[in-house]
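Enquirer: Got a predicted model here, sequence first, then my questions.
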Amino acid sequence: MNAPLIALLLRRHGLACALTALVPVLLGVVAGELWPEYRDQFATIEKFGVMKLVKNFLRSDLIPSDSSTFVFQLPYVHPVSMLALIVAMALPTLGWPAGARGRNVLDLVLATPLRRGELVVTAFVFTLPFALLHALAPLAGVALGAARAGIAGELPFAAFLRVSGETFALGVFFAGLTALLSVGLRPRRLSRTPEAGQALTLLSGIVLWSLLAEVVATMWEPARWLKHCTPFGWFEPPQVLAGTTSALRDGGVLAAAGLLCLALAVRNQRARRSA
């Protein structure tokens with residue numbers, strides 16, 4: 001790792017990466033505000049079929065849809081919460097090296113004693129505390145929301161903590177993936193690409209495809225195998241909360257995939273013939 005680069009990343013991205021963690025906290029508070037009314041109006045909601053689609057994705061077959069656990073998984077599974085995690089992981093890793101390449105400063109940076117591989121590893125390591133922050137933020141939101149609703153004793157906080165561990169692994173995956181996209185997928189590439197915009201486009205495509213594949217796999221049984229082809233298929237808070245899957249196994253797959261992406265990024269960056 002390179003301490004001056006860590007300090008630079010902290011000045012440029014530290015506040016933004018930290019502020020994104022407020023999203024799942026706020027979602028937990030919102031769940032606490034909604035729970036009393038949801039509980040009282042559940043029969044009416046069921047009658048009009050409003051919850052049908054939501055129940056499919058939040059696995060009401062595993063967690064009763066009239067339970068507090070079903071509602072308080074919201075900070076973990078809400079798309080905005082996932083987007084906040086991805087943004088926190090992508091800001092530093094897309095900025096270095098792809099962003100620096102686009103600003104025409106990467107040549108100057110690499111003229112210092114900072115080695116190519118060291119740059120990639122430093123940007124990746126910088127994301128890890130924020131991955132942990134984003135893993136604990138939903139748990140804090142659940143605790144605050146449950147206290148607000150007066151049901152803290154009803155929730156399985158040990159199971160929510162396991163989901164937080166899986167969330168950290170999801171962060172590691174996206175940190176490694178964005179590092180690879182920032183460096184470039186092909187080693188020894190002669191051109192100066194990718195720059196940050198191109199890497200972001202690739203990341204957006206991968207995320208959108210993963211979400212689409214998750215939707216198809218959830219709604220259509222013959223496509224269930226698609227879940228294992230996307231990061232979101234290995235991130236299953238309802239199953240962890242219901243005790244039907246191993247958070248350690250699924251989180252291990254995500255973390256291992258992220259570290260593999262990091263290793264490829266380091267290899268490709270060292271092999272590049274241009275900045």
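Expert: Thanks, I have it. Numbering: from 1, shown residues only.
Enquirer: Show residues contacting stretch 135-149.
Expert: Identification of contacts with stretch 135-149 by Cβ atoms under 8 Å, 6 or more residues apart in numbering yields 21-33, 35-36, 68, 72, 75-76, 81, 152, 154-155, 157, 160-161, 163-165, 167-168, 171. Quick note: C-beta positions are derived from backbone N, CA and C, even for glycine.
Enquirer: Now with 6 Å, please.
Expert: 21, 24-25, 27-29, 31-32, 35-36, 72, 75-76, 152, 155, 160, 164, 167-168 (Cβ atoms under 6 Å, 6 or more residues apart in numbering).
Enquirer: Now the buried members of those.
Expert: Taking 16 or more other Cβ atoms under 10 Å as the criterion, what is buried in these is 21, 24-25, 27-29, 31-32, 35, 72, 75-76, 152, 155, 160, 164, 167-168.
Enquirer: quick one: the helices in the stretch 51-200 of the chain?
Expert: With DSSP state H, counting those that start in this stretch, the ranges of helices along the stretch 51-200 of the chain come out as 52-57, 68-72, 74-77, 79-93, 100-102, 106-110, 116-149, 157-183, 196-219.
Enquirer: Can you check which of these gets nearest to residue 268?
Expert: Closest approach to residue 268 among the helices of the stretch 51-200 of the chain is made by helix 157-183 (4.8 Å; Cβ to Cβ).
Enquirer: number of nearby residues for residue 105?
Expert: For residue 105, the count of nearby residues is 13 (other Cβ atoms under 10 Å).
Enquirer: can you tell me how far it sits from residue 215?
Expert: Remark: distance between residue 105 and residue 215 (Cβ to Cβ, to the nearest Å) = 40 Å.
Enquirer: so where's the stretch 1-150 of the chain uncertain?
Expert: Residue ranges of the stretch 1-150 of the chain with pLDDT under 70: 40-61, 106-111.
Enquirer: change it to 50
Expert: Within the stretch 1-150 of the chain, no range satisfies pLDDT under 50.
Enquirer: Need the residues that contact stretch 98-118.
Expert: By Cβ under 6 Å, 6+ apart, the list of residues contacting stretch 98-118 reads 2, 97, 182, 192, 194, 195, 196, 199, 266, 269, 270, 275.
Enquirer: Endpoints of that stretch, how far apart?
Expert: Start and end residues of stretch 98-118 are separated by 15 Å (Cα to Cα, to the nearest Å).
Enquirer: Give me the contact list for stretch 4-20.
Expert: For stretch 4-20, the surrounding residues in contact (Cβ under 6 Å, 6+ apart) are 84, 87, 88, 91, 92, 122, 126, 130.
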